[in-house]
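Participant: just to be clear, the model below is a prediction. Sequence and coordinates:
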Amino acid sequence: MTNTRWVICTMLFFALTVNYLDRQVLSLTWQEFIAPEFHWTNKHYGLIAALFSLFYAGSMLFAGRFVDWMGTKKGYMWAIGVWSFGACLHAFCGIATSGIAAGNWFVGFEGAKEVLAGLSNVSKVINVSVVLFIIARFVLALGEGGSFPAAIKATAEYFPKKDRAFATSIFNAGSTVGALAAPLTIPFIANAYGWEMTFIIIGALGFVWMGFWQFIYKKPEVNPHVNKAELEYILQDTDSAEPVVEEEGKEKKLSFIQCFKFKQTWAFTIGKFMTDGVWWFYLFWAPAYLQSVYGMTSTQIAFPLFILYMITMLAIVGGWLPSYFIGKKGMNPYAGRMRAMLIFAFFPLLAMFAQPLGAYSYWFPVIIIGIAGAAHQAWSANIFTTVGDMFPKSAVATVTGIGGAAGALASFIINMSSGVLFDHAKETNMKFMGFEGIDSGYFVIFCICSVVYLLGWIIMKSLVPKYKVIEVK
């Protein structure tokens with residue numbers, strides 16, 4: 001049997017690695033490099049991060065449908081092309097701010113810094129730069145919204161149900177590797193070449209990936225590198241409700257509105273809404289947390305963040321555990337995944353102790369956030385594959401996009417409220433449960449992040465207590 005399916009999984013892994021590198025550039029550069037240039041506060045960064053989540057939510061809502069319509073290959077090509085362009089676009093916000101605020105358009109990156117430093121109208125610099133970064137984040141979000149729907153659809157096309165959680169956990173590890181590589185590269189690129197070049201260099205990686213994807217990806221039924229044995233293995237779950245086809249667009253399909261008629265859609269959507277914001281909070285605010293609470297610089301946080309995201313690599317267990325329940329214990333795919341997700345939902349409770357133990361050493365919150373992040377990624381790998389378990393392949397990207405939009409909306413809420421809360425806590429020296437100032441703000445958010453997984457699991461189980469495959473008639 002050939003192993004082309006694992007080549008496809010590897011491509012998905014690298015795409016998600018690039019995806020998360022692109023997302024991390026702003027969070028790793030804004031406080032030390034960008035904020036002094038544009039006079040930003042936590043509220044400004046929180047607004048930009050929150051609006052990115054909102055744009056991402058809107059994009060995912062329709063990107064899944066777009067991917068189902070375009071097909072996996074073309075859909076992913078469009079997605080990564082748009083987000084890579086959006087990533088590079090950030091680099092020119094300084095020049096554009098110089099042009100709009102001072103009328104000096106024909107300047108380089110360093111020239112823009114000099115122009116902005118000489119302006120007395122600080123509020124104009126703030127407002128213009130924030131708007132421009134929001135526009136760049138919109139383009140980035142527009143493309144990134146298609147990433148997970150396309151990846152989950154590719155997984156449903158290339159893997160049988162029993163292997164999908166494992167395959168998903170492998171390519172989903174790309175998000176962790178991207179987050180791992182980010183603090184080890186981005187601050188040093190910014191120090192050496194300026195924050196602008198970090199966006200350009202990291203953004204260009206997506207265009208490289210597109211070249212490989214164009215030549216590698218074909219549906220398994222028509223891929224010359226997939227032999228008969230592998231094709232039979234891939235299609236072992238095929239039944240009359242989900243016929244094998246050789247061309248995109250021939251499958252029986254659910255309309256966008258029809259997807260909302262099923263409790264399975266709502267269970268997935270609510271599960272994503274309850275938990276996705278937690279990962280995004282850790283992703284966007286962990287660097288700022290170490291800098292604000294422990295006074296570290298962008299290069300000093302590199303090693304702690306590396307360790308944090310190394311710990312999240314434990315999420316690979318998230319793909320193995322349900323396979324054990326399904327293969328060894330004879331459970332159906334949904335029951336096996338829900339059993340695994342319940343186990344993973346208990347680990348984020350440790351986040352309650354991140355701030356109290358942080359009084360002894362910053363390594364305690366680093367390790368705890370890493371464990372919570374690993375639990376989230378394990379949870380995420382399984383909640384995504386519940387869609388492929390119960391929906392026909394022609395609807396997988398659409399339903400994934402709907403749930404992803406809900407998760408991104410939750411990220412908007414937590415990022416927006418976090419920025420406001422942290423500035424309020426700092427300015428008023430807020431006191432809560434023995435903590436003062438910005439420390440109290442982080443403690444509040446950590447407590448919220450710790451309990452939402454169990455709540456999400458309970459709601460999902462209540463909506464869909466038993467495994468039921470949806471058939472398109």
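Facilitator: Perfect, thanks for sending it.
Participant: identify all contacting residues around the helix or strand bottoming out on mean pLDDT in the chain.
Facilitator: Of all helical and strand segments in the chain, the minimum by mean pLDDT, DSSP states H and E falls on helix 317-327, at a mean of 75. Applying CB atoms under 8 Å, 6 or more residues apart in numbering, the contact partners of helix 317-327 are 162-163, 165-170, 331-333, 335-337, 339-340, 343-344, 377-382, 385. All C-beta atoms are positioned from the backbone trio N, CA, C, and that covers glycine.
Participant: continuing past it, what's the next helix or strand?
Facilitator: Moving toward the C-terminus from helix 317-327, the next helix or strand (DSSP states H and E) is helix 333-346.
Participant: which other helices and strands does that next one contact?
Facilitator: Contacts defined by 3 or more CB pairs under 8 Å, 6 or more residues apart in numbering; DSSP states H and E place helix 333-346 against helix 161-193, helix 317-327, helix 363-390, helix 438-463.
Participant: so what touches stretch 353-370?
Facilitator: Applying CB under 8 Å, 6+ apart, the contact partners of stretch 353-370 are 282, 286, 289-290, 293-294, 296, 304-305, 307-312, 350-351, 435, 439, 442-443, 446.
Participant: repeat the analysis, applying 6 Å as the threshold.
Facilitator: Stretch 353-370 is contacted from outside by Y282, Y294, P304, L308, I311, T312, L350, Y442, F443, F446, using CB atoms under 6 Å, 6 or more residues apart in numbering.
Participant: and the average pLDDT for that stretch is what?
Facilitator: On average, the pLDDT along stretch 353-370 is 91.
Participant: quick check: buried residues in that stretch?
Facilitator: Residues of stretch 353-370 classed as buried: A354, Q355, L357, G358, Y362, F364, P365, V366, I367, I368, I369, G370 (neighbour count, 16 or more other CB atoms under 10 Å).
Participant: now do stretch 84-103
Facilitator: Buried positions in stretch 84-103, judged by neighbour count with 16+ other CB under 10 Å: 84-102.
Participant: check the offset of that stretch from the chain's centre.
Facilitator: Chain-centre distance of stretch 84-103: 25 Å, with CA atoms, centre = their mean, to the nearest Å.
Participant: please save the CA atoms from it in CSV.
Facilitator: This file holds the C-alpha atoms of stretch 84-103, laid out as CSV (Å, rounded to 0.1, in the frame of the first residue of the first chain):
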residue,chain,number,x,y,z
SER,A,84,0.1,35.5,2.6
PHE,A,85,-0.6,38.7,0.8
GLY,A,86,-2.3,40.1,3.9
ALA,A,87,0.7,39.1,6.0
CYS,A,88,3.1,41.0,3.8
LEU,A,89,0.7,44.0,3.7
HIS,A,90,1.3,44.7,7.4
ALA,A,91,4.9,45.7,6.7
PHE,A,92,3.7,48.8,4.7
CYS,A,93,1.4,50.2,7.5
GLY,A,94,4.2,52.5,8.7
ILE,A,95,4.8,54.0,5.3
ALA,A,96,1.1,54.4,4.7
THR,A,97,0.7,56.1,8.2
SER,A,98,3.5,58.5,7.3
GLY,A,99,1.7,59.3,4.0
ILE,A,100,-1.7,59.8,5.5
ALA,A,101,-0.7,61.6,8.7
ALA,A,102,2.1,63.7,7.3
GLY,A,103,1.9,63.6,3.5
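Participant: show the buried residues in the contacts of stretch 353-370.
Facilitator: Buried subset of the contacts of stretch 353-370 (neighbour count, 16+ other CB under 10 Å): Y282, P304, L308, I311, T312, L350, Y442, F443, F446.
Participant: circling back to that earlier point, include distance to V139 when you put the helices and strands packed on helix 333-346 into TSV, please.
Facilitator: Formatted as TSV, the helices and strands packed on helix 333-346 follow (distance: least, CB to CB, whole Å):
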stretch	distance to V139
helix 161-193	19
helix 317-327	31
helix 363-390	25
helix 438-463	28
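Participant: so in the protein, which helix runs the longest?
Facilitator: helix 393-428 (DSSP state H).
Participant: which parts of it count as buried, going by neighbours?
Facilitator: Using 16+ other CB under 10 Å as the test for burial, helix 393-428 gives 393-412, 414-423, 425-426.
Participant: that'll do, ta.
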